[in-house]
Structures are given as structure tokens and as C-alpha cells.
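Undergrad: model this:
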Amino acid sequence: MLNKLKKAALVGSGLLVLAGCSSESADDASVNSEAVGAETLVVGLDDTFAPMGFRDENNEIVGFDVDLAKAVGERIGAEIVFQPIDWAMKETELDSGNIDMIWNGYAITPERAEKVLLSEPYIVDAQSIIVLKDSAIETKADLEGKLVSTQQSSSSVDKIMEDESGIFGKLGGDLVLYPSNNNAFSDLESGRVDAIVVGEVYGRYYMKQSGKDIYRVLEDNFGEDEMAVAFKKNNTELQERVDVALADMKEDGTFDEIYDKWFYSE
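TA: Numbering: from 1, shown residues only. From the prediction side, this is the model:
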């Protein structure tokens, strides 16, 4: 069911991110997990990172990761509280005990793995190549001589330029860069560019929200990042509980139901 934005295999047991906190509401006010007890778990997140965790028109915190965390909480018998944090301080907040988990499109890197305890990866985000459904483009090699667009100053630009295929030098001109991925999608739809490159988490969310069945995601991509939940280094007990719950949700279809709510799938 999942295409390139796929479920990461559980073994054993983008996008544009804007840091900063909004004013707190009653349901997501700061809570110290040690004070409220073991059955309340505090998730730290950047509340501007759609579609993983963000505020809707009613100022409620919603998103793919928010729904996953709530479902996991139900399975492990814990109340989940969402705490907006300064994203630049996320590991510090975790280490200090102000939050129990970082769950917000947290990509696995070697540097982060040294600082925190990580769950098994639960989803993979690719630098995806998106075209219109009737496009003749089927592979990365087919981009040669075509107009390709992406968001300026994004990781997508670096991934395209550094790709081992050398495709950047074979494009018909420089990359067409836009201030936002929304602009790139607009020009793809109008035919002003042939393909766009975007983090697939955001790309499939945009396609879902547009309600237009006109896009196709290639199997080829410009690199992948695995996402995981982060815990304090010594919190293996919580890590194991979350890993088991996520594995069960993938097995019984709950994960797919939440995915289909937020993301476009061909």
C-alpha cells in the first residue's frame, strides 16, 4: 500500500521545519512527567511541522505523528501530552526530563544516535521525484534534459547536486528553485516544469490536501532518511513498549489507517 513513503521495518520487539513555540493552550501546557506519574507521557514537538505535528485552524495540535503517539498511548495504557518546545533544544529537553519522547519527524543521524535512545524506525522519508500521471518520465535517468524544480535552500538541492548518477550536470538548465514546495507543485501542474523533487512526507501530504489525483511518485529518489522516536538514553523500558505497540499497529492495520488519513497513496 505504501509507495516510497514506506513503513520502515520494525526488527525485534521535510520539509520545511520552522522552529519555535506558539502560545500554549490548556490541553498542551507544560507538564513535568516526573510530577504527574508514570502513566502520563510527555511528547516534545515543533508545533509548526506539518504534517507530522502542527496546529489546525482551531489551534489544536494535530498530525500524523500526533495520531500515532495517541494510538500508542492507548495500547500501552498511558496518557499522551503534547508539549511544544524549542526544536533547537529538543535533546536538552529530553535529557533534563521535561519531556519523555521526541516524536515529530525525527530523522535518524549518527550524531543524534549518540545523544538519545532511538526506537526502531517507523517510516522512511525519501527525496522523492514527483511528476504528472501522464508524464513519460519513469526513472531518474529520464530527467536528463528536463526542467526539474525544488525548494530553494532545501536539502533537496544538495541531494540532487551530490547524486552519484551525475544527473544535475545533465539537466537542461539549472534547477528551477522556488521559495516553497507549494510553488513547485503549482508549476508542475501547469506544465512549466517536468518534475519536482521534494521530501516525500511533505509531498504526499500536499497531494492529499490538494484532492487532485494527477500526480505520480517515481520509484527512484535522491536519498532516504529513516524516522524514529527519541527517548532518554537510559529509558529502555519505554523504548521497548513503544516499539512493541508500533509493530502491533503495523501488523493489525492501524498504522495504515492513520497513514491514509494524512498521505496520498496511488
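
Undergrad: Run through the helices of this structure in chain order.
TA: 33-36, 64-76, 90-96, 110-115, 155-162, 181-190, 200-210, 236-252, 254-262 (DSSP state H).

Undergrad: Could you say which of those is packed most deeply?
TA: Using mean count of other C-beta atoms under 10 Å, the stretch among these with the largest mean neighbour count is helix 200-210, at a mean of 22. Bear in mind the C-beta positions are built from the backbone N, C-alpha and C, glycine included.

Undergrad: Give the other helices and strands that it contacts.
TA: Under the contact definition 3 or more C-beta pairs under 8 Å, 6 or more residues apart in numbering; DSSP states H and E, helix 200-210 sits against strand 123-132, helix 181-190, strand 215-227.

Undergrad: pLDDT weak spots in the stretch 51-200 of the chain?
TA: Within the stretch 51-200 of the chain, the stretches falling below the threshold (pLDDT under 70) are 173.

Undergrad: picking that back up, as JSON lines, the helices of the chain with distance to residue 50 would be great.
TA: Written out in JSON lines, the entries for the helices of the chain read as follows (distance: least, C-beta to C-beta, whole Å):
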{"stretch": "helix 33-36", "distance to residue 50": "26"}
{"stretch": "helix 64-76", "distance to residue 50": "9"}
{"stretch": "helix 90-96", "distance to residue 50": "18"}
{"stretch": "helix 110-115", "distance to residue 50": "22"}
{"stretch": "helix 155-162", "distance to residue 50": "17"}
{"stretch": "helix 181-190", "distance to residue 50": "11"}
{"stretch": "helix 200-210", "distance to residue 50": "7"}
{"stretch": "helix 236-252", "distance to residue 50": "22"}
{"stretch": "helix 254-262", "distance to residue 50": "9"}
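
Undergrad: Can you say which of these is nearest to residue 103?
TA: Taking C-beta to C-beta as the measure, those were each checked against residue 103, and helix 64-76 came out nearest at 5.2 Å.

Undergrad: Pull the residues that contact that closest one.
TA: Applying C-beta atoms under 8 Å, 6 or more residues apart in numbering, the set of residues contacting helix 64-76 from outside is 41, 43, 45, 51-53, 79-80, 82, 101, 103-105, 122, 201, 205, 241-242, 245-246, 248-249, 254-255, 258-259, 261-263.

Undergrad: Residue 53 against residue 60, yeah?
TA: No - shown here, residue 53 and residue 60 do not form a contact pair, counting by C-beta atoms under 8 Å, at 11.2 Å.

Undergrad: More neighbours: which of those two?
TA: Legend: neighbour count by other C-beta atoms under 10 Å for residue 53 and residue 60, higher for residue 53 (25 against 13).

Undergrad: Look up the residues forming beta bridges with that one.
TA: Partner residues in beta bridges with residue 53, using DSSP bridges, are residue 49.
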